[in-house]
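> coordinates only, sequence not included:
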């Protein structure tokens with residue numbers, strides 16, 4: 001009788017253990033760490049360096065002096081970051097680095113520019129946000145009011161006579177709600193050191209100037225502050241800029 005009780009007790013224990021095992025919740029398959037996105041400016045397939053001379057299809061010599069843009073509301077399945085500012089001169093190729101799980105970012109989207117908060121008080125954003133007026137790198141207008149979505153500045157020699165005279169200034173500052181664009185990518189994340197998952201884009205400035213027939217001639221289409229009367233050029237500039245941001 002005693003042996004029967006022992007056998008019964010063991011059986012109950014096994015049933016309980018089996019039941020507990022079925023209730024164990026396996027941890028989710030995550031790769032949580034930092035997501036890092038870089039943007040490498042290029043020209044005709046090679047790395048673009050600021051203040052270096054390049055040639056356009058029209059025969060002009062051009063030196064790009066400033067390349068900046070906002071990526072805002074950056075998200076995969078959920079928001080990764082409220083906004084990031086690309087500033088090639090000040091920050092190199094880094095667009096952003098933020099915590100996230102690459103398995104939840106099969107599709108990466110962002111505004112090229114600033115969306116719903118474009119007309120908010122720029123001094124009211126958190127001190128760590130690039131949208132705060134102290135961090136926006138001169139990418140906010142007082143007169144608009146609103147953010148400058150992208151900047152391209154350059155010096156151009158429009159006379160191909162062999163005499164370097166970069167006296168033609170290009171200033172393309174595009175903003176306003178009507179010109180907001182959406183960026184969409186399907187990233188392949190590469191695991192680096194310290195749980196950092198990286199994804200690289202390029203900003204192809206030759207595509208910016210020559211985009212499927214929608215070309216920008218820097219001699220005649222050299223300035224826009226998105227003012228009245230500049231609507232056609234402003235839209236072309238930001239559409240070409242969007243087309244220039246692409247995977248390698």
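Structure's in. What do you need? Predicted model only: the values in this text are computed from it and were never measured. Numbering: from 1, shown residues only.

> Wait, residue 52 touches residue 65, no?
No. Look at residue 52 against residue 65 with C-beta atoms under 8 Å: they stay out of range, at 10.3 Å. Placement of C-beta: from N, CA and C, glycine included.

> what about those two, which has more around it?
residue 65 (17 against 11; other C-beta atoms under 10 Å).

> what about the more buried one, distance to residue 112?
21 Å (C-beta to C-beta, to the nearest Å).

> Could you name the specific helix or strand carrying the residue nearest the centre of the chain?
Nearest residue to the geometric centre of the chain (C-alpha atoms, centre = their mean): residue 71, 4.6 Å. Per DSSP states H and E: residue 71 is located in strand 61-75.

> which is the next helix or strand following that strand?
Following strand 61-75 toward the C-terminus (DSSP H and E): strand 79-87.

> Pull out the buried residues from that next one.
Neighbour-count burial for strand 79-87, counted by 16 or more other C-beta atoms under 10 Å, picks out 80-87.

> would CSV of the residues you listed with pLDDT and distance to residue 116 be doable?
Converted to CSV, these look like this (pLDDT from 0 to 100; distance: C-beta to C-beta, whole Å):
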residue, pLDDT, distance to residue 116
80, 97, 17
81, 97, 15
82, 97, 11
83, 98, 11
84, 98, 16
85, 98, 18
86, 98, 20
87, 98, 23
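
> for residue 236, phi and psi?
Phi and psi for residue 236, reported as degrees, to the nearest 10, are phi -60, psi -40.

> quick one, what contacts it?
Residue 236 is in contact with 214, 216, 221, counting by C-beta atoms under 8 Å, 6 or more residues apart in numbering.

> Identify the residues contacting the first one.
When you say that, I think you mean residue 214. 236, 239-240.

> For it, list each beta-bridge partner.
Note on residue 214: beta-bridge partners residue 211, judged by DSSP bridges.
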